[in-house]
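**Q** sequence and computational prediction follow.
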Amino acid sequence: MAPTRKISLVLADVDGTLVTEDKVLTARAQAAVRRLGEVGIRFAITSGRPPRGMAMLFDPLQLTTPIAGFNGGLFVKRDLSIVEQKTLPADVAAKAIELIRGHDLDAWVYRGNDWLITKANAPHVDREAWTVKFQAKVVADFRDELGDAAKIVGVSDDLDKVKRCETDAQAAFGDRATAARSQPYYLDVTHKDANKGAVVAYLSAHLGVPTEEIATIGDQPNDVLMFKRSGLSIAMGNASDEVKAEASATTESYNDEGFAKAMERFVLGSAD
């Protein structure tokens, strides 16, 4: 299938998209990214993860583009040196903690390259530490940790509570902050300009690539903003129907080489 438009840059979400359910970057995914480079198409990643939590991908993917952590709240180079960061106003951060706890969600705070929690045995802490390859710092209280927070996260396995908290956070903050689920069990609250739509705009400006020549691929509601800003948008097979409805195309699941197949079919034009 031949590509239907010129693509100069691919921007990929990480969890649920680029890596499998077991957080594996497959050989086929690596080969697809390598092939993009061979034909002159640049590749970038963005995630709700801290940049430090994506570092294991930098070398296998041979990244040369800015890396967008915290959904665009922190841009770094490959050596993790900071290019640009956007932090939450202290009052918004405090309100986010209050709102998250009011919905009976656990709260996490990300500040710079630090991940702060108050309960070491809280849901998803162990899994997140395994995923990002570093440990959280346990603090007694977040009160003195909110002055330069890049991201506040609400965490729960009650997915309806997370969705309700997302709706209430969006209503409470309006245009003062971005609130969106990065996973069904994670609600991310970031700076108003720290969202994946803004990542598209940032990369377009800094790399000199028109937004209509950018392809984006993701699986969660927070990926929809980058879908809306790019020329080609691809939803993963494991995405919800509401996310798929916002994309130009749909690929297979992250456990069925969905990322690689999307690059081959829609960008490289090398698949049947």
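**A** It's in.

**Q** what ranges does the stretch 101-250 of the chain have for its strands?
**A** 106-111, 114-117, 137-138, 151-155, 177-183, 186-191, 214-218, 232-235, 249-250 (DSSP state E, counting those that start in this stretch).

**Q** relative to residue 39, which of those is closest?
**A** Among the strands of the stretch 101-250 of the chain, the nearest to residue 39 by Cβ to Cβ is strand 214-218 (13.0 Å). (Each C-beta comes from the backbone N, C-alpha and C, glycine too.)

**Q** now for the closest one, which elements pack on it?
**A** strand 9-13, helix 196-207, helix 224-229, strand 232-235 (3 or more Cβ pairs under 8 Å, 6 or more residues apart in numbering; DSSP states H and E).

**Q** need the contact partners of that strand.
**A** With contact meaning Cβ atoms under 8 Å, 6 or more residues apart in numbering, strand 214-218 is reached by 7-13, 16-17, 196, 200, 203-204, 223, 226-227, 229-236, 239, 243, 251, 259, 262, 266-267.

**Q** ok so, going back, closest to residue 36 out of the strands of the stretch 101-250 of the chain?
**A** strand 214-218 (9.7 Å).

**Q** hey, where'd the helices end up in the protein?
**A** 27-38, 55-61, 90-102, 125-132, 159-173, 196-207, 224-229, 241-244, 258-262 (DSSP state H).

**Q** any chance of those helices in a markdown table, plus mean neighbour count, mean pLDDT and distance to residue 147?
**A** Formatted as a markdown table, those follow (neighbours: other Cβ atoms under 10 Å; pLDDT from 0 to 100; distance: least, Cβ to Cβ, whole Å):
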| stretch | mean neighbour count | mean pLDDT | distance to residue 147 |
| --- | --- | --- | --- |
| helix 27-38 | 16 | 98 | 37 |
| helix 55-61 | 17 | 96 | 25 |
| helix 90-102 | 18 | 96 | 5 |
| helix 125-132 | 16 | 93 | 23 |
| helix 159-173 | 16 | 97 | 18 |
| helix 196-207 | 21 | 97 | 22 |
| helix 224-229 | 22 | 97 | 27 |
| helix 241-244 | 14 | 96 | 34 |
| helix 258-262 | 25 | 98 | 37 |
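
**Q** adding distance to residue 109, write those out as JSON lines.
**A** Formatted as JSON lines, the helices of the chain follow (distance: least, Cβ to Cβ, whole Å):
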{"stretch": "helix 27-38", "distance to residue 109": "31"}
{"stretch": "helix 55-61", "distance to residue 109": "20"}
{"stretch": "helix 90-102", "distance to residue 109": "8"}
{"stretch": "helix 125-132", "distance to residue 109": "13"}
{"stretch": "helix 159-173", "distance to residue 109": "15"}
{"stretch": "helix 196-207", "distance to residue 109": "21"}
{"stretch": "helix 224-229", "distance to residue 109": "23"}
{"stretch": "helix 241-244", "distance to residue 109": "27"}
{"stretch": "helix 258-262", "distance to residue 109": "30"}
